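Enquirer: Sequence plus the predicted model coming up.
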Amino acid sequence: MLIGLTGRYASGKSTVVDFLVSKGLASESCSDSIRAHLKQNGIEESRENLINGGNELRRSGGPGILAEMLLERLDGKNAVIDSIRTPGEVEALQGRDDFILIEVRAGMDARWQRAQVRARTGDIVDRETFFANEEKEAVAKDESGQALNATAALADLVLVNDGSLDDLHSDLEELWVMLSE
């Protein structure tokens, strides 16, 4: 089983990953390929550098390069993959017959509040910049950029995460039963 997650910033993807890992899936991220690239080039890991590094890798290796690198690391293992941000990545992952893409969706206010509470290193601290950056990630200028809208349109399932953590866990339990059948 290979489950991919896409969704906007602070939509709850990491919480979904944690749940699926608790069910026995390995956890991988397309961003891990970018992190390795940044480290190799002595570049600090920030949100902006991750975005730019991913765009650079896609320009040089093609739109599906991050997912292709990840599939090599997985070598057929069951996993959940976070940070799928381009249609090219989805296309590469669809090479596995057991791949399913889930969009984790949450409203803007809920995502802004979650981002403030978690306060990760590199998180944007003002609301205006948070939403301006989100718009940049929604539609790619070329096939090397992030294209969250186009990627979400390819989702097999949509998981709406506008409620409480308990609501999300209940929805995830139902989803797990469905996927395990």
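Expert: Thanks, I have the structure now.
Enquirer: quick one: R111 and S11, what's the gap?
Expert: Applying CB to CB, to the nearest Å, the value for R111 to S11 is 6 Å. All C-beta atoms are positioned from the backbone trio N, CA, C, and that covers glycine.
Enquirer: And for R59?
Expert: According to CB to CB, R59 stands 26 Å off from S11.
Enquirer: Could you do I100 as well?
Expert: Distance from I100 to S11, counting by CB to CB: 17 Å.
Enquirer: if you count what's nearby, which of those two comes out ahead?
Expert: S11 (24 against 15; other CB atoms under 10 Å).
Enquirer: Next up, phi/psi of the more buried one, please.
Expert: phi -80, psi -20 (degrees, to the nearest 10).
Enquirer: residues touching it, list them.
Expert: The neighbourhood of S11, defined by CB atoms under 8 Å, 6 or more residues apart in numbering, consists of V104, R105, A106, R111, N161.
Enquirer: Sitting in helices, which of those do you find?
Expert: Secondary structure from DSSP state H places R111 of those in helices.
Enquirer: quick one: least confident of the contacts of S11?
Expert: Here the lowest pLDDT out of those sits on R111, with 82.
Enquirer: How many residues are close by it?
Expert: Neighbour count for R111, taken as other CB under 10 Å: 22.
Enquirer: What distance do you get for it to N161?
Expert: 9 Å.
Enquirer: likewise L50?
Expert: L50 sits 22 Å away from N161, going by CB to CB.
Enquirer: With neighbour numbers in mind, choose between those two.
Expert: Each of L50 and N161 has its neighbours counted (other CB under 10 Å); N161 has more, 25 against 18.
Enquirer: residue contacts, that one?
Expert: S11, G12, T15, V16, V104, R105, A106, A110, L168, D171.
Enquirer: Mind checking which of these land in strands?
Expert: Judged by DSSP state E, those include V104, R105 as members of strands.
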